[in-house]
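1. What follows is a predicted protein model with its sequence.
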Amino acid sequence: MLKGKVAVVTGSTSGIGLGIARALAGQGANVVLNGFGDAGEIERLRSGLEAEFGVRAAYHGADLSKAEEIEALVAHAESTLGPVDVLVNNAGIQHVASIEDFPVERWDAVIAINLTAVFHGSRLVLRGMKERGWGRIINIASAHGLVASVQKSAYVAAKHGVVGLTKVTALETAGTGVTCNAICPGWVLTPLVQKQIDALAASKGLSPDAARAELLGAKQPSGQFVTPDQLGALAVFLCSDAAAQMTGAALPMDGAWTAQ
């Protein structure tokens, strides 16, 4: 479905971003990976995408807290693979503290990477998408883009901002062949979350199943984690012709978290 298209997925060296990158490559898209990690492991991921899916894959280690590095990421994608057809703004960080104790530098970092980077990535690819008459911007927001939790002021503010920016982008691109949507995951089973489960099980003497259940708690009524593969499948749908009139939406995949 996406053969010959170029997709940039930020924060894609693990977790949700990697799941989405794999799903897009599985549909024939040439993919630019971005993120931090061991250089050898990243090269294994990049070359593995090419071998498994028969696509071209590139990597750029842009620090998304810096506008000039986001510009370099998009320029690298265009010079290496071609104009960007699909942009998945996925990269994010978290910090947990009450508002009165929230470190100012952590607030700035969370807003920069979770929200401002979405703006920069979008502004850099939109003109070309409009000129070519086709494009997909997929913003990975969160259940916290729709509802709040205590001690997550910066993250919640940023993700609510992403949902708002998604709507503005959709309005500004309506009728151009470009769409912009937000995916709002709940708890996702990533390697980072698995480490939290393992630590919880060890500290409380719980079985793995009991630790999973406690971590999910009341937030996610399904009692099951969302997976990166499921989010990848939703991203593929949003790139499809079937979703050509779906734009400006904030789509929860959260096990009924936001239905409460």
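-> Arrived safely, thanks for sending.
2. Which residues are in contact with Gly28?
-> 1-5, 53-55 (C-beta atoms under 8 Å, 6 or more residues apart in numbering). Where C-beta positions appear, they are placed from N, C-alpha and C, glycine not excepted.
3. which one of these sits closest to His120?
-> Lys5 (21.3 Å; C-beta to C-beta).
4. what's the burial count for the closest residue to that closest one other than its chain neighbours?
-> Setting aside the residues directly before and after it, Lys5 is nearest to Asp85 in space (C-beta to C-beta, 6 or more residues apart in numbering), at 4.1 Å. Per other C-beta atoms under 10 Å, the neighbour tally for Asp85 reads 23.
5. what are the phi and psi angles of Asp85?
-> Main-chain dihedrals, Asp85, degrees, to the nearest 10: phi -100, psi -30.
6. Who are the packing partners of the helix or strand encompassing Val32?
-> Following DSSP states H and E, one finds Val32 within strand 30-34. Applying 3 or more C-beta pairs under 8 Å, 6 or more residues apart in numbering; DSSP states H and E, one finds that strand 30-34 makes contact with strand 6-9, helix 15-26, helix 39-53, strand 57-60, helix 67-80.
7. closest one to Leu115 among those?
-> Across the helices and strands packed on strand 30-34, closest to Leu115 is helix 67-80 (C-beta to C-beta), at 12.7 Å.
8. next structured bit after the closest one?
-> Sequence-wise, the next helix or strand downstream of helix 67-80 (DSSP H and E) is strand 86-89.
9. Okay, buried residues for that next one please.
-> Buried positions in strand 86-89, judged by neighbour count with 16 or more other C-beta atoms under 10 Å: 86-89.
10. That's all I had, so thanks and see you.
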